[in-house]
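Colleague: My questions concern the predicted model and sequence given below.
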Amino acid sequence: MIDLLVVGAGFGRDFLHLYQLHPGVGAVGLVEPDAGRLSEAVDAYGLDGGYATLDEALRSGRWDAVHLLSPVRFHVAQTLAVLASGRSCASAVPMATSLDDIERVMDAAAAASGRYMMMETALYQREYLHAVRLRDTGALGRLTYLRGSHMQDLDGFPPYWMGYAPMQYATHIVAPLLGLAEARAASVVCFGSGELLPAHRGDGSNPFPLESALFRLDTPAPLTAQVTLSFFENARSYTEGFDVYGDLGAIEWPSVEGAASVVHLAGPQDGAHRGRPIERREVEVPDRAEVLPGPLRPYTRPGRYRPPGGRPALEVHAWHGGSHPHLVHEFISAVVADREPAVGPARAAAITAPGIVAHESALQGGRMLDVPRY
Ligand SMILES: NC(=O)c1ccc[n+]([C@@H]2O[C@H](COP(=O)([O-])OP(=O)(O)OC[C@H]3O[C@@H](n4cnc5c(N)ncnc54)[C@H](O)[C@@H]3O)[C@@H](O)[C@H]2O)c1
């Protein structure tokens, strides 16, 4: 049984009930500098501790593991502090926004007694789990091409997102494409597209509202993955998904969030028609809740949660394809068993570095650059 601390009550709030319900977790605490948000969450969930800063929580001598859901710029320093304190650390994406910082986290994780996991939602969303199953049953055949895009309008987001380099947040697309290809990114060519308006420029270091990259994967046969990220000045409703194509079958993410995925399956060429017959089928992608501990299973979908102590029931979300309970279960299981989590330091680096190098390629006008191998 481990005691778990959540850091950040924005996205972090969506994980509180999952940790409270997990059979491997004892106490659940929260770090949140906004005093009103902290006390509201501590009261609503009946949490076992609340702190204004991570330092204060680490000094308390309590808590075995920490899940960081603070703004991106704090991820590296907070990861290093948690690991140095002897605790295990889960971090929201991205692991880091520079190659040097990836190295620092990897070095710290290698020296630590605790475990490190990057909480990549894209690797546990039901659509990804279904695509892996299609690949593993041979329905896709040999892979030919992969592509994905994350398009989100960040107007109105906290000011620290202004000017954020899109490719430095590419993990939600890079992760499933590399996972499906069972490969690493070897090199990349990336172009920026559009020109950020002054109001969106932030510190001015990134000029692009959209970046699009072609990655060469390190597979024996040539295989290419295209990744597009856009955060501003692109009138597209939110999408965060991928398409994967093989010689026998393909699966495409719905063009509108929440709609059905589309599977294409090729039959044999019959000699009477040009091209092979390709059946197009809309599929309701199944949940994989059965692999979760019983109390977490209902929460791959939105629902109501009754916190301890007879507190009023709360409406709880289930964004990102039902992935959150799976992430919680994998992190807690790895810490309890003292084993490498599914997205440990090396895999987190292999997922995070391609976007960092892609942004560098875009800044250099599309120069082909190698991606470090971890
Ligand atoms: N699909 C995903 O994996 C996914 C989705 C959304 C957000 N995220 C990540 O989760 C993190 C949090 O996102 P968000 O939308 O809640 O951000 P946010 O800025 O809205 O909220 C973060 C919370 O952290 C608090 N905070 C600020 N500084 C802090 C500090 N130094 N220590 C502790 N807490 C601090 C803020 O007061 C706020 O309540 C980000 O890193 C984001 O990239 C991941």
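Modeller: Arrived safely, thanks for sending. Since this is a predicted model, take the numbers as computed values, not measurements.
Colleague: Let me know whether residue 144 touches residue 246 as I believe.
Modeller: Yes - using C-beta atoms under 8 Å, residue 144 is in contact with residue 246, at 5.9 Å. (C-beta placed from N, C-alpha, C; glycine too.)
Colleague: Between those two, tell me which one has more neighbours.
Modeller: Just comparing residue 144 and residue 246: by other C-beta atoms under 10 Å the higher neighbour count belongs to residue 246, 21 against 16.
Colleague: for the more buried one, phi and psi?
Modeller: phi -130, psi 180 (degrees, to the nearest 10).
Colleague: residue ranges with poor pLDDT in the protein?
Modeller: Counting by pLDDT under 70, the chain has no low-confidence residues at all.
Colleague: center of it - which residue?
Modeller: In the chain, the residue lying closest to the centroid (C-alpha atoms, centre = their mean) is residue 120, at 2.7 Å.
Colleague: and that one, what does it touch?
Modeller: Residue 120 makes contacts with 93, 171, 172, 175, 327, 343, 348, 351, as judged by C-beta atoms under 8 Å, 6 or more residues apart in numbering.
Colleague: Quick one: those residues as a markdown table, columns for neighbour count and secondary structure too.
Modeller: Listed next are the contacts of residue 120 as a markdown table, based on neighbours: other C-beta atoms under 10 Å; DSSP: H, G, I helix; E, B strand; the rest coil:
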| residue | neighbour count | secondary structure |
| --- | --- | --- |
| 93 | 21 | coil |
| 171 | 25 | helix |
| 172 | 26 | helix |
| 175 | 27 | helix |
| 327 | 25 | helix |
| 343 | 28 | coil |
| 348 | 28 | helix |
| 351 | 30 | helix |
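Colleague: Just give the nearest non-adjacent residue to residue 298, would you?
Modeller: Closest residue to residue 298 apart from its sequence neighbours, by C-beta to C-beta, 6 or more residues apart in numbering: residue 289 at 7.7 Å.
Colleague: Name all residues that make contact with the one you found.
Modeller: For residue 289, the contact set (C-beta under 8 Å, 6+ apart) comprises 296, 297, 298, 300, 322, 325.
Colleague: Tell me if I'm right that the fourth one and residue 124 touch.
Modeller: No - applying C-beta under 8 Å, one finds residue 300 not in contact with residue 124, separated by 9.4 Å.
Colleague: The stretch 201-350 of the chain: strands as residue ranges?
Modeller: Applying DSSP state E, counting those that start in this stretch to the stretch 201-350 of the chain gives strands spanning 210-217, 224-230, 239-246, 249-252, 261-266, 278-283, 303-305, 314-316.
Colleague: now for these, which one comes closest to the ligand?
Modeller: Closest approach to the ligand among those is made by strand 239-246 (7.6 Å; C-beta to the nearest ligand atom).
Colleague: Distance check, residue 146 against residue 44.
Modeller: In this view, residue 146 and residue 44 are 41 Å apart by C-beta to C-beta, to the nearest Å.
Colleague: So between the two, which is more surrounded?
Modeller: Taking other C-beta under 10 Å, residue 146 and residue 44 do not tie; residue 146 has more neighbours (26 against 14).
Colleague: Secondary structure element for that one, which one?
Modeller: Following DSSP states H and E, the helix or strand that holds residue 146 is strand 143-151.
Colleague: Show me what residue of the stretch 1-150 of the chain gets nearest to the ligand.
Modeller: For the stretch 1-150 of the chain, C-beta to the nearest ligand atom, closest residue to the ligand: residue 10, 2.3 Å.
Colleague: Now the phi/psi pair for that residue, please.
Modeller: Main-chain torsions, residue 10, degrees, to the nearest 10: phi -90, psi -100.
Colleague: show me where the stretch 101-250 of the chain has helices.
Modeller: Assigned by DSSP state H, counting those that start in this stretch, the stretch 101-250 of the chain shows helices spanning 126-136, 171-181.
Colleague: Out of those, which is the most enclosed?
Modeller: Of all the helices of the stretch 101-250 of the chain, helix 171-181 carries the top mean neighbour count, a mean of 25, counting by mean count of other C-beta atoms under 10 Å.
Colleague: Any chance you could list what contacts it?
Modeller: 93-95, 118, 120-123, 128, 131-132, 135, 143, 146-150, 184-185, 215, 217, 219, 223, 225, 227-229, 240, 242, 244, 343, 350-352, 354-355.
Colleague: show me the contacts for residue 37.
Modeller: Residue 37 makes contacts with residue 9, as judged by C-beta under 8 Å, 6+ apart.
Colleague: What about residue 205, how many residues nearby?
Modeller: 11.
Colleague: give me every residue that touches the nearest residue to it once chain neighbours are set aside.
Modeller: Closest residue to residue 205 apart from its sequence neighbours, by C-beta to C-beta, 6+ apart: residue 163 at 6.6 Å. For residue 163, the contacting residues are 196, 200, 201, 202, 203, 204, 205, 206, by C-beta under 8 Å, 6+ apart.
Colleague: Could you show which parts of the stretch 201-350 of the chain are in contact with the ligand?
Modeller: Contact residues (C-beta under 6 Å from any ligand atom) of the stretch 201-350 of the chain with the ligand: residue 320.
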